[in-house]
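# From the sequence below, what's the structure:
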Amino acid sequence: MIYSQRLFSIGSLTLGWTHDLVYDCGKPYLERWILWLGFTLRLHKFHKGDDDRAFHDHPWWFVTFPFDPYLEQTPDQPRKMVKALRPHFRHASHQHIVQLIENRPVWTLIVTGSKSGEWGFWQDGQYTPHEQWLAEREASTVGQ
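Residues are numbered from 1 along each chain as shown. Okay, here's the model as predicted:
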């Protein structure tokens, strides 16, 4: 749900800001405030952790600076704590699942690079574009 947005383009450069709330199966998942400057500066509030069924990647490299710790699962690695109040660099191809500690909201400040591709979900080494994955997830929860 978009609460507000003021975006304009100069050539291929997008400038402005947005504020929106992303839902997962009808429940608040991620609220974000984004400043668009060719790259983005984002303030995220995670209301809940990721769907644990599959890892996801991103359309750009990013640096996250969490204000609260959270847990991160990556392929073939034990779950680890991402410490608060320090930067953490991630490549666009970095696959992970974000999990909250004790279901407390987590705030992060994120700087992203330019978009370098599409993003999606990885399950058993198989890639599914995010639009398809999210539509299938929504359809599987209707009526539950």
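# what about the strands in this protein?
2-10, 13-24, 27-37, 40-46, 55-56, 62-66, 70-73, 80-82, 88-90, 97-99, 106-112, 120-123, 126-129 (DSSP state E).
# what sits up against stretch 105-116?
Among residues not part of stretch 105-116, those counted as contacts by CB atoms under 8 Å, 6 or more residues apart in numbering are 38-47, 58-70, 92, 100. For glycine as for every other residue, the C-beta is placed from the backbone atoms N, C-alpha and C.
# now stretch 57-65
Residues lying outside stretch 57-65 but in contact with it, judged by CB under 8 Å, 6+ apart, are 82, 85-95, 108-120, 122.
# mind listing what's buried in it?
Judged by neighbour count (16 or more other CB atoms under 10 Å), stretch 57-65 contains these buried residues: Asp57, His58, Pro59, Trp60, Trp61, Phe62, Thr64.
# Now do it, average pLDDT.
Over the span of stretch 57-65, the pLDDT mean works out to 96.
# Report the separation between the two terminal residues of that stretch.
The first residue of stretch 57-65 is 18 Å away from its last residue (CA to CA, to the nearest Å).
# For it, what is the distance to the chain centroid?
Centroid displacement of stretch 57-65 relative to its chain, using CA atoms, centre = their mean, to the nearest Å, is 8 Å.
# With stretch 11-19 instead?
Mean-position distance between stretch 11-19 and its chain equals 19 Å (CA atoms, centre = their mean).
# Export only the CA atoms of that stretch, formatted as CSV.
Extracted in CSV, the C-alpha atoms of stretch 11-19 (Å, rounded to 0.1, in the frame of the first residue of the first chain):
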residue,chain,number,x,y,z
GLY,A,11,16.5,11.1,-18.3
SER,A,12,17.0,7.7,-16.7
LEU,A,13,17.5,9.2,-13.2
THR,A,14,14.6,8.8,-10.7
LEU,A,15,14.4,11.4,-8.0
GLY,A,16,12.0,11.9,-5.1
TRP,A,17,10.6,9.9,-2.2
THR,A,18,8.1,7.2,-1.4
HIS,A,19,6.5,5.7,1.8
